[in-house]
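Visitor: got a predicted structure plus its sequence, pasted below:
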Amino acid sequence: MKTSDLKKLKSGTDVRGIAVGGKITLTDEAVSLITKGFCLWLTKKFKKHELKIAVGNDTRISAPHMSDLVISSLISCGADVVYTGLSSTPSMFLLLKESDFGCDASIMITASHLPYDRNGLKFFTPEGGLSSQDIDAVIALACDGAFPAGAGKYFERSFMDEYSQILVGKVVEECGPEPLKGKKIIVDAGNGVGGFFVEKVLLPLGADVEGSLYLEPDGTFPHHIPNPENRQAIDCIAEAVKKSGADLGIIFDTDVDRAACVDKNGEEINRNSLIALMSAIILPQKGGIIVTDSVTSVHLTEFIEGLGGKHLRFRRGYKNVIDKCRELNNSGEYSPLAIETSGHAAFPENYYLDDGAYLITKILICLAKYCKDGKTLSSLIDGLKRPVEEAEIRIGFNSQSKDFKAEGNSVIEDIKNSGEETAADNYEGVRLLFGKSNAVVRMSVHDPVMPINIESDEEGGCRAVAKRLEELLDKYPFLDLTNLIKFIDQ
């Protein structure tokens, strides 16, 4: 295969494509080449040929076939393989840090929250997930074809029990045995990997879990996409909380590296409110800088500063946010949390690993300690103001576009120089200020899309901002303003 063909499968810091159906892009050849490229990359990185690599997968219908391909490709390169079976993405990294598996690296077969026909590969070493540049290097080696040869050994061993015990242990250490006794906590796993959390974490902590939903693995995701940002998924767990009288509802994405929750009233704790909750939990201990992506609310900044912390809005992309948090701590500026509005959250004490189950574990500790005598998790964020209006409008690129990344970035630079008032503390795109309203205009991390996030503290404010943006953007023939015009006319 050509390097250009494999590069089309790159998605930031991992590889993704269509794995089943009539238009397969993540072909058997591509999976085998990229896996062998990773094996060769590890050989060069560690300067050794005797490798031991763990392989796990989520619940997707293509997982068995993909697992066989990955395992056989590694063994043909002389690597020993430990197949962990159904696994969460965070567990595949943690087994490199807190187990006796003795593995040099791991591969997780998942496409996160994407539809059932997609799949992909995520790669880990004990240093963490691979960077975008690392993926480029793996793909280059995959196309070179000079792979090591051998006959590695095959083993099977799950890490999920040990991983769950680590989570349980953290809660018990803070709160004592069965700290959730008397609490009803339900989970909507969306038929992804997250069903383990009920049996292996919540039950040992004493929680009543009756009313939990879609815990059985089913790679067709028949009820809804396992995704904390999906409206149907959030509405589903919110309704289940109200129906069962639960104290807390939890929702995970397919591979459990993201999470969100709803309170006992079925009110969503997600995006800005989830960041606020975590800030309220951790900032009173030592203060510090909360690193988020660029589209968070101005009211979140006020909330964090009211707790004595600082808010740094960085670039979209969970790896960008995590790396910035790491950079701050390495330079002596304390940052206890890196978190995206999507639900990716990482803590320095947990190897900067974005782990939805660890995020929820921190919330469970707070629930056990704080939510007594009528107190609720939501009362911790009562001081967080909500915008009167919010909107996200995705601007596309039409057939006149020749290089959407260059064109999009040139538009953003033009806006910065247009004379409009802009925010100084901006690391991605441009944040325009319009009195009681503001808008972030940026380029998508991966796609030919220019997302616009608008929030306003007055009715009609989002529409007024959208009209002004139409005036600014109308002169660019390569932009498709259909969605913007629809929003204005609705």
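Guide: Done, it's in. Residues are numbered from 1 along each chain as shown.
Visitor: surely Lys200 meets Phe159?
Guide: No: shown here, Lys200 and Phe159 do not form a contact pair, counting by CB atoms under 8 Å, at 11.7 Å. Quick note: C-beta positions are derived from backbone N, CA and C, even for glycine.
Visitor: more neighbours, those two?
Guide: When Lys200 and Phe159 are compared for neighbours, Phe159 comes out ahead with 25 against 17, by other CB atoms under 10 Å.
Visitor: gap between that one and Gln232?
Guide: 31 Å (CB to CB, to the nearest Å).
Visitor: before we move on, what about Thr89?
Guide: In this view, Thr89 and Gln232 are 23 Å apart by CB to CB.
Visitor: how's the protein carved up into domains?
Guide: Recorded structural domains for the chain (assignment: automatic domain parsing) are 3-158, 163-381, 389-489.
Visitor: could you export these as JSON lines, including mean pLDDT?
Guide: Supplementary listing: these in JSON lines, determined by pLDDT from 0 to 100:
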{"stretch": "domain 3-158", "mean pLDDT": "96"}
{"stretch": "domain 163-381", "mean pLDDT": "96"}
{"stretch": "domain 389-489", "mean pLDDT": "95"}
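Visitor: neighbour count: Thr89 and Gln232, which is higher?
Guide: The residue with the greater number of neighbours, taking Thr89 and Gln232 and applying other CB under 10 Å, is Thr89; the counts read 29 against 11.
Visitor: how about that one: what's its closest non-neighbour residue?
Guide: Leaving aside its sequence neighbours, Thr89 sits nearest to Asp255 (CB to CB, 6 or more residues apart in numbering; 4.1 Å).
Visitor: tell me which element that neighbour falls in.
Guide: Using DSSP states H and E, Asp255 is not contained in any helix or strand.
Visitor: that one contacts Ala189, correct?
Guide: No: assessed by CB under 8 Å, Asp255 is found out of contact with Ala189, at 11.1 Å.
Visitor: neighbour count winner among these two?
Guide: Neighbours around Asp255 and Ala189, counted as other CB under 10 Å, are more numerous at Asp255. The numbers are 30 against 27.
Visitor: what residues does the more buried one make contact with?
Guide: In this structure, Asp255 makes contact with 58, 88-89, 108, 110, 112, 192-193, judged by CB atoms under 8 Å, 6 or more residues apart in numbering.
Visitor: what's the longest helix along the chain in contact with?
Guide: The helix spanning the most residues in the chain, taking DSSP state H as the definition, is helix 28-46. By CB under 8 Å, 6+ apart, the list of residues contacting helix 28-46 from outside reads 1, 5-6, 9, 15, 17, 49, 51, 53, 66, 69-70, 72-74, 76-77, 79, 104-105, 107, 121, 123, 125, 134, 137-144, 146-148.
Visitor: just the buried ones from those residues, in ChimeraX syntax?
Guide: Selection of buried members from these for ChimeraX, criterion 16 or more other CB atoms under 10 Å:
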select :1,6,9,15,17,51,53,66,69,70,73,74,76,77,79,104,105,107,121,123,125,134,137,138,139,141,142,143,147,148
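Visitor: among the contacts of helix 28-46, which lie within helices?
Guide: 5-6, 66, 69-70, 72-74, 76, 134, 137-144.
Visitor: so how far is Asp293 from Glu98?
Guide: Shown here: Glu98 relative to Asp293, a distance of 28 Å by CB to CB.
Visitor: more neighbours: the two, which one.
Guide: Asp293 (25 against 14).
Visitor: any chance you could map the strands in the stretch 251-400 of the chain?
Guide: Using DSSP state E, counting those that start in this stretch, the strands of the stretch 251-400 of the chain run over residues 259-263, 268-269, 289-292, 310-313, 337-339, 345-346, 389-397.
Visitor: any chance of those strands in CSV, plus mean neighbour count?
Guide: Below are those laid out as CSV (neighbours: other CB atoms under 10 Å):
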stretch, mean neighbour count
strand 259-263, 26
strand 268-269, 20
strand 289-292, 26
strand 310-313, 20
strand 337-339, 27
strand 345-346, 28
strand 389-397, 17
